[in-house]
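Visitor: Let's see this in three dimensions:
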Amino acid sequence: MIRRLALALITPALLCFSTLCAGQVAPETEKKLDLVFEKGKEAFYTTVAALLENHVLKPELSAADLDTLLKAREEIPTLYERLMIFAFQKDAPLFLALATQGDDASLRQFHEKFLALSKDYAARFVGSLFRKTRMFEFEMALPHNKGKSRLELVLQSVGFKAKNELPDIPRDKWYSNPIKADLSAQWAVDAVRARECWPRTRGSGIVVAVIDSGIDPYNAFFKDKLVPGFNFLKRTKAPWKDEDTPVIDYGLHGTGVSSVLLAIAPDCRIMPVRAMDADTMNDPAFDTWPHEFEAAGIYYAVNHGAHVISISAALHAAQPVLADAVRYAYKKNVVICTSAGNISRSQFGLNPEEASYRAFDSEVLLIGGVEKQGEVYRPWPYSLPNPLVDAGAPAAGIFVLVPSYLPEFKDDYVAGTSLSAPIAAGVVALLRSAVPPSTEILKTRAAYSRLVSRCLRETARLDVLDCIEPDDVVGQGLIDAAAALRLMERLAVSPPR
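Guide: Numbers count the residues shown, from 1 in each chain. Here you go, the predicted model:
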């Protein structure tokens, strides 16, 4: 989409938070949990050293990197804390329950599970030092990767280079910018027929988690539109402790996709989940941790009340950690909208087949790109084909916001399937707001997820794209929010009003 992305939340009500140990456990229990954390840390670093000692690929590490790794507890401050904050998310509800109970048996189980998790992520960290991407040579030639050691690149992919400081903006300058008409007037809103739904609903009551690089909370467009989110890129404490780490966006991407989402569903609320910085973490040469971050973001969003999730990235079903998280959301009836991906940087001779991936069969809505040519809509030629694409949404000539505290960048029209996912998520928010799912549907695993997919797929329009049949770029066709809403009304059983 655009080179960098940015996300920020700074008012007290919008600071990131953890749900564990926020005054919910007795002081003596908290002290016991502190000991568990220290034992887990010791187990982590001991396991890292033990695994490296006889590792068959150890010769690939430089002497300097190996020396740093063997002294990681002193040489790489907060490594353990940074990894455990997303390792923790999958079983966070269980850990919370055990900590809240606080009896000896519960705390013993907490200790055993957390110790095992610490050792598991020590092994994953060691493995990440040797897991290169398919386009390793190209990615190593990029300026932000070039000349760096293997360990430096892995730590960069974990977010060690990400900027987390809040910009210095006087309070009287917050929300002072004019809201540009380009956002609501742009063609994408009418292409998916979202505007036709607004007399019925504008998305009120629905929380959409945007797992991306953050958001600009100072922008008037986002005022009163945000709920508390989370920043995975900075951590200095145990994962069950509160830590104020605002989800500030310095990469542009998160702010941009969030602005498009609100253009479709103006009254929904955004939960910004910062799982990347869209800058130093782009194009990693070693790719273990981006999948871990996406998975952690999904668990966090589901466990903190999101109804819909927007991820402007291609989710790889072949990654077990990601597959578990996606299916968790699917069963919980939290709809995930993802981007198909882009065919880009052809000047470097990149083969689009190298960017292909195993997508999810039905657990996510995979959205391809559509463009406007004059007065007609057509499949966007740079949308990465995939046989599992569900539908298409606008992806070119889309007006987005950039963070107001980055004066070197301006709000502008951009392109990429990064935009297709939040547009689809906005449509899903409209559907859920207009026709609230019944308690029975929500209690049935994946029932609502399947219902939303059916409504979008069966009402998508191929004819307006000049397509004869579904294909691997736009799936069943261009999303039609108004038609999907009518079908949802016929199929869903709404609770009494």
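
Visitor: How about the residue positioned nearest the centre of the chain, nearest residue that isn't a chain neighbour?
Guide: What sits nearest the mean C-alpha location of the chain, by C-alpha atoms, centre = their mean, is residue 211, with 2.3 Å. Take residue 211 and drop its neighbours on the chain: the residue closest to it by C-beta to C-beta, 6 or more residues apart in numbering is residue 297, 3.9 Å away. Where you see a C-beta, it was placed from the backbone N, CA and C, and this is true even at glycine.

Visitor: With residue 174 instead?
Guide: Counting by C-beta to C-beta, 6+ apart, residue 174 lies nearest to residue 218, which is 4.9 Å off, once chain neighbours are set aside.

Visitor: That neighbour: helix or strand, and which one exactly?
Guide: Using DSSP states H and E, residue 218 sits in no helix or strand.

Visitor: from what I can see it touches residue 175, true?
Guide: Yes. Counting by C-beta atoms under 8 Å, residue 218 does reach residue 175; the two are 6.7 Å apart.

Visitor: Who has more neighbours out of these two?
Guide: residue 218 (24 against 16; other C-beta atoms under 10 Å).

Visitor: What are the neighbouring residues in contact with the more buried one?
Guide: Contact criterion C-beta atoms under 8 Å, 6 or more residues apart in numbering gives 8, 10, 167, 169, 173, 174, 175, 403, 404, 405 as the residues in contact with residue 218.

Visitor: With residue 447 instead?
Guide: Contacts for residue 447 (C-beta under 8 Å, 6+ apart) come out as 333, 441.

Visitor: Next one, pLDDT for it please.
Guide: In this prediction, residue 447 carries a pLDDT score of 95.

Visitor: What separation do you get for it and residue 435?
Guide: As for residue 447, its distance to residue 435 is 14 Å (criterion: C-beta to C-beta, to the nearest Å).

Visitor: what do you get for residue 53?
Guide: From residue 53 across to residue 435, the span is 59 Å (C-beta to C-beta).

Visitor: Show me which of those two is the more surrounded one.
Guide: Neighbour totals were compared for residue 53 and residue 435, and residue 435 leads with 23 against 9 (other C-beta under 10 Å).

Visitor: Show me what the helix ranked longest in the chain is packed up against.
Guide: Longest helix in the chain by number of residues, with DSSP state H as the criterion: helix 27-53. Secondary-structure packing of helix 27-53 (3 or more C-beta pairs under 8 Å, 6 or more residues apart in numbering; DSSP states H and E): helix 63-70, helix 72-75, helix 79-87, helix 104-128.

Visitor: Next one: residue 361 from residue 453, what distance?
Guide: Distance check for residue 361 against residue 453: by C-beta to C-beta, it reads 11 Å.

Visitor: out of those two, which sits in the more crowded spot?
Guide: residue 453 (20 against 9).

Visitor: follow-up on the earlier one: the residue nearest to the centre of the chain belongs to a strand?
Guide: Yes. Looking at residue 211 with DSSP: H, G, I helix; E, B strand; the rest coil, it is inside a strand.
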